[in-house]
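Asks: This is the structure alone, sequence omitted:
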């Protein structure tokens, strides 16, 4: 019987020892239980023998200092724990290699390592168990604040005379396009204020019981944790000095963080994308990890963090479109440089997304503003005929 080491193994230190996890087959059983197998140095040496298919009987003599029977015994234990597999067991492993070959192990671990976790579903779980879990969380420490503050920073109050967004929904959603060219006209102050308010501001507040007062935005967010923060690089907005600001949804204001922000600086942070430097303003969307991690204790919540940022991005794009601006979005940026630029550590708070808008230079009727319309029939491929 030939065996091979799975291609989906990761190793890390846990509780003072080395643990190896097969993220395709070993799934978390709870927030406090790591789905991995503890191994010692001898086990690691045995695993190195099975980088490719091999019969244990043929390689048992290759490890110096270990007897043949000891090696075969270790092989048996590693196979039972899933760290070695037969050809019949390797079908998923082969599929992983075939379809994920262009992406590194970090992408695979993120998806498969957070897959099939157990949820504390309200409709299916015992009430006493839910209450005990909630109390355990609340007793673990003080809950994070729902608003970030910058004491000592100069504050600019934004107008609350919001534009009436009466554009028809069908017209708005079909007109949404990614804009890359903008006029030199400044973004009107009321328009700027309106987009920030309806994207990032609270519409209502809810009583989260032990979790405190929670805000409700126009975009959904897991558990109303609303871990996302918005930092705004103002480049060309009516009445506002160019600079870096933090948007405060609690009182609809901007806290001034950095002066003399240039278009060249902002554009470089997005790998030189012209639209970022040409926009009227650029929003850097971050996530305060503690807000989400306080309530949700499993790694799967990281998926929700990215989804939540996407929800806000879509709301921003539609709101900007309805307000007559040309929006854009990008996830191509220099993470660490942006985090230094924003004054955050990249660990407790990390950047997730860039959004921006300006006065559009091209058409705004939904047809591609810079790309030619597909008007020439494409020859059918042989496989399609």
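Replies: On my side now, so go ahead. From a predicted model like this one, the values you see are computed outputs, not experimental measurements.
Asks: quick one, domains of the protein?
Replies: Using automatic domain parsing, the domains assigned to the chain come out as 9-113, 155-358.
Asks: Show me how far the first one is from its chain's centre.
Replies: The reference is to domain 9-113. Its chain's average C-alpha position is 28 Å from that of domain 9-113, according to Cα atoms, centre = their mean, to the nearest Å.
Asks: Please renumber the chain so that the first residue is 133 from this point on.
Replies: Renumbered: residue one is now 133, and that last one reads domain 141-245.
Asks: End to end on it, go ahead and measure it.
Replies: 11 Å (Cα to Cα, to the nearest Å).
Asks: Over to the last one?
Replies: In terms of Cα to Cα, the two terminal residues of domain 287-490 are separated by 23 Å.
Asks: follow-up on the earlier one: least confident of the domains of the chain, on average?
Replies: Of all these, the minimum mean pLDDT falls on domain 141-245 (a mean of 90).
Asks: Name the surrounding residues that touch stretch 484-491.
Replies: 311, 314-315, 317-319, 327, 360, 368, 402, 407-408, 410-419, 437-438, 441-442, 444-445, 448-449, 452, 457-463, 465 (Cβ atoms under 8 Å, 6 or more residues apart in numbering). Yep, even glycine has a C-beta here, placed from its N, CA and C like the rest.
Asks: Show me which of the residues you listed are buried.
Replies: Buried subset of the contacts of stretch 484-491 (neighbour count, 16 or more other Cβ atoms under 10 Å): 311, 314, 318-319, 327, 360, 368, 402, 407-408, 410-419, 437, 441-442, 444-445, 448-449, 452, 457-462, 465.
Asks: So which residue is dead centre in the chain?
Replies: residue 438 (2.9 Å; Cα atoms, centre = their mean).
Asks: What is the burial count for the residue lying closest to residue 348 once chain neighbours are set aside?
Replies: Leaving out its chain neighbours, the residue that sits closest to residue 348 by Cβ to Cβ, 6 or more residues apart in numbering is residue 336, at 4.5 Å. Neighbourhood size, residue 336 [other Cβ atoms under 10 Å]: 8.
Asks: separation between residue 336 and residue 349?
Replies: For residue 336, the distance to residue 349 (Cβ to Cβ, to the nearest Å) stands at 9 Å.
Asks: Residue 224 too?
Replies: The spacing between residue 224 and residue 349, counted by Cβ to Cβ, is 39 Å.
Asks: What ranges does this protein have for its helices?
Replies: Applying DSSP state H to the chain gives helices spanning 173-180, 188-191, 200-212, 223-231, 237-245, 259-270, 301-307, 321-332, 395-401, 406-410, 421-427, 433-454, 467-474.
Asks: now for the shortest one, which elements pack on it?
Replies: Packed against helix 188-191, as judged by 3 or more Cβ pairs under 8 Å, 6 or more residues apart in numbering; DSSP states H and E, are the following elements: helix 200-212.
Asks: swap in the third one?
Replies: Under the contact criterion of 3+ Cβ pairs under 8 Å, 6+ apart, helix 200-212 touches helix 173-180, helix 188-191.
Asks: same thing with the last one?
Replies: Using 3+ Cβ pairs under 8 Å, 6+ apart as the contact criterion, the neighbours of helix 467-474 among helices and strands are helix 395-401, strand 413-420, strand 481-490.
Asks: Figure out which of those is closest to residue 237.
Replies: When the helices and strands packed on helix 467-474 are compared by Cβ to Cβ, strand 481-490 sits nearest residue 237, at 20.2 Å.
Asks: how far does the closest one sit from the chain's center?
Replies: Using Cα atoms, centre = their mean, the offset of strand 481-490 from its chain centre is 12 Å.
Asks: tell me the contacts of the closest residue to residue 381 other than its chain neighbours?
Replies: What sits nearest to residue 381 in space, not counting adjacent residues and going by Cβ to Cβ, 6+ apart, is residue 333, at 4.7 Å. Counting by Cβ under 8 Å, 6+ apart, residue 333 makes contact with 349, 381, 384.
Asks: Buried among those? Need that as a selection in PyMOL.
Replies: Selection of buried members from the contacts of residue 333 for PyMOL, criterion 16+ other Cβ under 10 Å:
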select buried, resi 349+381+384
